[in-house]
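Novice: sequence and predicted structure are below.
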Amino acid sequence: MWWKTLAQIPIRHPLAFGVGVSTFKTSASDLLVQTVVEQRKEIDWKRNAAFATFGCFYLGGVQYAIYVPLFGRIFPNAARFAAKPVREKVKDAKGIAALCGQVFLDQFVHHPLLYFPVFYGTREMVMSDTPDLMRAMTTYKENMKEDLAALWKVWVPSTFVNFAFMPMWARIPWVAGTSLLWTCILSAMRGGDVTHSTDIEAPFPTGSTLTLVREGLDEVFASPVDLDRSLAHVCISGSGPDRIGHVAKMARTVADSGGSVTHSKMIRLGQEFVTLMHVGIEPEKRGELIDNLRRSDDLRLLNIRASSLTRRQTGSYDHSIVGLKIHIVGPDRPGMLANIAETIAQRRMSIEDITTEIRRGKDDRRDFVITAEVVTSERLDQEHLDSLLSEFQELKDELNLSVVDIRVHM
C-alpha cells in the first residue's frame, strides 16, 4: 500500500529525509518569526532562503554525519541499544555508558565548538546590514556561558531521549521537530516582539531566549500584591492637555520627594493625558510629596489630585483563594465591556485590574481587547471551571469574539 511505501522512505533514504526535514523546519521557523514575531507584511524570501540553506547543509547534512556515521563508528552498538525495550536498556551498562558518551560529545563538544560558531556566523551574514564575522564570534564569546546553560537545560534531556530511543534515521527529524516546537513556543509567547526577533531565530535555546520564556511565564502567572504596611500609600490622579514630558516630570517629582511608584496607568485619550498612580512613601514624607505635586508649575496643567490609601480592614472582605487572568478579543461593538464585567460580577468574582484598548485586527478590523485580573474567594473545582468556561463560550458566540483565554493561578 502507498502509506507503507511512504513509511519506508526515511528508512531507505535517511540522509535525504533528514536534510529535507531540516530544510523545511528551518524555513518554517523563519517564516514563523517573520509573520508572527516581526509581523511583516511582506516575507523576506532572500533571508528565508539563507536560513533554509543553513538548515539543509548544516542541520541536515553536518549533523547527520555526526549523529549517524560518526557516532555509529565511535559507538557501534548505539543502534542496537536504541532498539532494545526499556527493561533491557536499564540492564545494559555498556549501552548506557555509550549513550552518555554520545550526549557528552554532542552537547559539550559539538555544540560549543562547532554549532554555535556556525550559527552566530550565519545569523550575522543573513540579518546584519554590515556583516562582521569577528563581531559575531565576539558576541558568541560574551554569550557563551548563558547560551550553553540554556541549551543544556532543554537539550540534554531531549538528546538523551533521542539517542536512547530513536532509530538512527530518526535522529535528525527528532532534533528538527524539537527545534520547531521551541520556535513555536517562543513565537506564541513573544508575538510582535521585534526587539528580540533575532534571538528567536535560534533553533536552539540560548541565554536570551530562555530569559524571554521566563518573562512570558511571569506575565502569565503574575498576581497582585497587597500594600506594604510599613509605608504610607498615596493615590495620585490627574488629567489635562497632552504634553511631552508629563510622565518624566511626575516620576521625577515623586522620586525627589522620596516616593516609589508601584502600580500606575497613564494613557493619552484624544488630546487629553490621563494618569493614575500608586506611590509608596515613608509616612513622614507623605505631606511633602503631596505639596510638591500640587505646587509644581510643570504639572499644573494636569490638575493633580492626591489622596491617602489604606489597607482593607480584616473581616470586611473575603480572602482571595483563586486568581484568573481573562483575555478577550473581538470586533468592537457597544456593550462588550458591560457583558464581560456583568458575567464576572455574577460569578462573585472581584476585578483587581482591567484594561481595555482598541487594536487593528485582521483585515484592518477594529478589535476591542479586554485584559482582566480577577480573584475569587471560592474554590474552583472542575465543575465550576467547566461552568465558567461554558458561560464564556456562550459570550464568545454571542459577541462573535475571536479570542477568549482564561488562565488560572492559585
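Specialist: Structure's in. What do you need? Residues are numbered from 1 along each chain as shown.
Novice: and the helices in the stretch 151-300 of the chain?
Specialist: Counting by DSSP state H, counting those that start in this stretch, the stretch 151-300 of the chain has helices at residues 171-189, 197-200, 207-221, 246-256, 286-295.
Novice: pLDDT below threshold where in the protein?
Specialist: 1-4, 36-40, 182-227, 311-320, 409-410 (pLDDT under 70).
Novice: kindly recompute the last result at 50.
Specialist: For the chain, applying pLDDT under 50 flags the ranges 186-197, 215, 217-218, 220-225, 314-316.
Novice: all strands for it, in order.
Specialist: Taking DSSP state E as the test, the strands found in the chain are 232-241, 260-269, 272-281, 305-309, 322-331, 350-360, 366-376, 403-409.
Novice: mind checking these for the one nearest to Trp45?
Specialist: Checking the strands of the chain against Trp45 by C-beta to C-beta gives strand 350-360 as the closest, at 25.4 Å. No exception for glycine: its C-beta is placed from N, CA and C like everyone else's.
Novice: in its sheet, which strands sit next to that closest one, and in what direction?
Specialist: In the sheet, strand 350-360 lines up against strand 366-376 (antiparallel) (DSSP bridges).
Novice: excluding its backbone neighbours, what's nearest Ala83?
Specialist: Pro167 (6.8 Å; C-beta to C-beta, 6 or more residues apart in numbering).
Novice: so the one you found sits against Ala79, correct?
Specialist: Yes: counting by C-beta atoms under 8 Å, Pro167 touches Ala79, with 6.9 Å between them.
Novice: ok, Lys84 - how many residues close by?
Specialist: Lys84 has 16 neighbours, counted by other C-beta atoms under 10 Å.
Novice: could you find the closest non-adjacent residue to it?
Specialist: In space, Lys84 is closest to Asp92, 6.8 Å off (C-beta to C-beta, 6+ apart).
Novice: gap between that neighbour and Trp174?
Specialist: 21 Å (C-beta to C-beta, to the nearest Å).
Novice: so for those two, which sits in the more crowded spot?
Specialist: For Asp92 and Trp174, the more surrounded residue by other C-beta under 10 Å is Trp174, and the numbers stand at 20 against 15.
Novice: list the contacts for that one?
Specialist: 158, 161-162, 166 (C-beta atoms under 8 Å, 6 or more residues apart in numbering).
Novice: quick check: the two most widely separated of those residues?
Specialist: Across the contacts of Trp174 (C-beta to C-beta), the longest gap, 10.6 Å, separates Ser158 and Met166.
Novice: for Arg333, give me phi and psi.
Specialist: With angles defined as degrees, to the nearest 10, Arg333 sits at phi -160, psi 150.
Novice: how near is it to Thr262?
Specialist: Distance from Arg333 to Thr262, by C-beta to C-beta: 34 Å.
Novice: swap in Ala164?
Specialist: Taking C-beta to C-beta, one finds Ala164 at 49 Å from Thr262.
Novice: one more: Arg294?
Specialist: Relative to Thr262, Arg294 is positioned 21 Å away (C-beta to C-beta).
Novice: same check on Ala28?
Specialist: 43 Å.
Novice: likewise Glu272?
Specialist: 24 Å.
Novice: likewise Ile290?
Specialist: Counting by C-beta to C-beta - Ile290 and Thr262 are separated by 17 Å.
Novice: go on, Ala65?
Specialist: Taking C-beta to C-beta, one finds Ala65 at 56 Å from Thr262.
Novice: then Arg347?
Specialist: Taken as C-beta to C-beta, the span from Arg347 to Thr262 is 28 Å.
Novice: how many other residues sit next to the closest residue to Phe368 other than its chain neighbours?
Specialist: Counting by C-beta to C-beta, 6+ apart, Asp332 is the residue found nearest to Phe368 once chain neighbours are left out, at 4.2 Å. By the measure other C-beta under 10 Å, the count of residues near Asp332 is 13.
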